[in-house]
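S.K.: any chance you could fold what I've pasted below:
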Amino acid sequence: VFALIVFACLVGEGYTNLPSSPHLFCIFNHNEDACRYGIGIGVLAFLACIFFFMVDIYFPQISNITDRKYLVLADLGFSGLWTFLWFIGFCFLTNQWAWTQAKDVHVGADSARAAITFSFFSIFSWVSKAVVEP
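M.R.: Numbering: from 1, shown residues only. Modelled structure (predicted):
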């Protein structure tokens, strides 16, 4: 859910333009990479959650113990990796937001803060998933 919120905030109001120009730019210090990174990890995390949810549904039907072991290790490894990527995303978005000038923010400041906040919450949700999983 947190990944979906980060994605929606950045897609919805993460890009803005000046009243005198039709060119869109990222609200995070005009750094397109900040918006792309947040959108990218948000979409991939959401898709991975759907995949691992489907794996959890069919997990009791998997009789091969080796396949079960590899699925659990894949889930654990992905959760650990995504914890790290959300931490990087939180730091990156926070840094770029700190350098953003107030005159460049006409609309979307609340969405930018929400994206930063929910990327921070995502760190703890992925850590809990990695710790509770085994």
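S.K.: center of the chain - which residue?
M.R.: Centroid check for the chain by Cα atoms, centre = their mean gives Gly42 as the closest residue, at 3.3 Å.
S.K.: for it, give its distance to Leu73.
M.R.: Separation of Gly42 from Leu73 (Cβ to Cβ, to the nearest Å): 25 Å. (Each C-beta comes from the backbone N, C-alpha and C, glycine too.)
S.K.: sorry, back to before: you'd agree the residue nearest to the centre of the chain is up against Gly14?
M.R.: No. Applying Cβ atoms under 8 Å as the test, Gly42 and Gly14 come out as separate, 10.6 Å apart.
S.K.: picking that back up, now the residue nearest to the centre of the chain, what's its secondary structure?
M.R.: On the three-state scheme (DSSP: H, G, I helix; E, B strand; the rest coil), Gly42 is labelled helix.
S.K.: not counting its neighbours along the chain, what's nearest it?
M.R.: Phe7 (3.3 Å; Cβ to Cβ, 6 or more residues apart in numbering).
S.K.: neighbours around that neighbour, how many?
M.R.: For Phe7, the neighbour count with other Cβ atoms under 10 Å is 22.
S.K.: report the secondary structure element holding it.
M.R.: Using DSSP states H and E, Phe7 falls within helix 2-13.
S.K.: got the CA positions of that helix in PDB?
M.R.: What follows is helix 2-13, C-alpha atoms only, in PDB (Å, rounded to 0.1, in the frame of the first residue of the first chain):
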ATOM      1  CA  PHE A   2       2.900   2.400   0.800                       C
ATOM      2  CA  ALA A   3       4.500   1.800  -2.600                       C
ATOM      3  CA  LEU A   4       1.200   2.600  -4.300                       C
ATOM      4  CA  ILE A   5       0.900   5.800  -2.300                       C
ATOM      5  CA  VAL A   6       4.400   6.900  -3.200                       C
ATOM      6  CA  PHE A   7       3.800   6.000  -6.900                       C
ATOM      7  CA  ALA A   8       0.500   7.900  -6.900                       C
ATOM      8  CA  CYS A   9       1.900  11.000  -5.300                       C
ATOM      9  CA  LEU A  10       4.800  11.300  -7.700                       C
ATOM     10  CA  VAL A  11       2.700  10.600 -10.800                       C
ATOM     11  CA  GLY A  12      -0.200  12.800  -9.700                       C
ATOM     12  CA  GLU A  13       1.600  15.900  -8.500                       C
END
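S.K.: fine by me, we can end here.
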